[in-house]
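> Okay, here's the prediction I keep looking at, along with the sequence it came from:
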Amino acid sequence: MKIFIGSDHAGFELKKNLIEYISDLGHEIHDMGAKKLDPNDDYPDFIIPVANEISHNPVSYRGIVIGGSGQGEAMCANKVYGVRAAVYYGGNSDIVKMSRLDNDSNVLSLGARFLGPEEARAAVRLWLDTPFSGAERHKRRILKMYTIKK
């Protein structure tokens, strides 16, 4: 699977850890930055490129975005048409599973200030391994997201 990953300074170290892990799982991973640690960088500069890539093929491509809480990163990613970003910053991992089963999330947004490397790897693995249920009610709800007018 083709996976795009991006983070700001807050997620920089976790991103490096996850790139190696995801590669070891056999996925094709593309690092969209940050390429160097800069405490003054801005997460949209790295999240929007990930989201734009996902928008080219929202069914087959996946994205992982990482920041301090994961909240701003998800908000940013969800501005791009075709992206369905879900946030995880620890605790019950059922939320990760449900984001795939019911909502067919194609971006996972991680809160690096709340997750250790092991918990983040487990969440990523669960998210990558969980298929969309394909249930008609969930398809219908997802399609309704794309009819929202500004």
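Nice, thanks for sending it over.

> can you tell me how far L115 sits from A77?
17 Å (Cβ to Cβ, to the nearest Å). Yep, even glycine has a C-beta here, placed from its N, CA and C like the rest.

> Compare neighbour counts for the two and give me the winner.
Per other Cβ atoms under 10 Å, whichever of L115 and A77 has more neighbours is A77, with 29 against 21.

> how about that one, what does it touch?
The contact partners of A77, by Cβ atoms under 8 Å, 6 or more residues apart in numbering, come to I47, I48, V50, A51, I54, G63, V65, V83, A85, V107, S109.

> I'd assumed V83 was in contact with the second one.
No: proximity of I48 to V83 does not meet the contact threshold set by Cβ atoms under 8 Å, at 10.1 Å.

> Comparing the two, which shows the higher neighbour count?
Ranked by neighbour count (other Cβ under 10 Å), I48 and V83 place V83 first, with 23 against 17.

> And what about that one, helix, strand or coil?
Following DSSP: H, G, I helix; E, B strand; the rest coil, we place V83 in the coil state.
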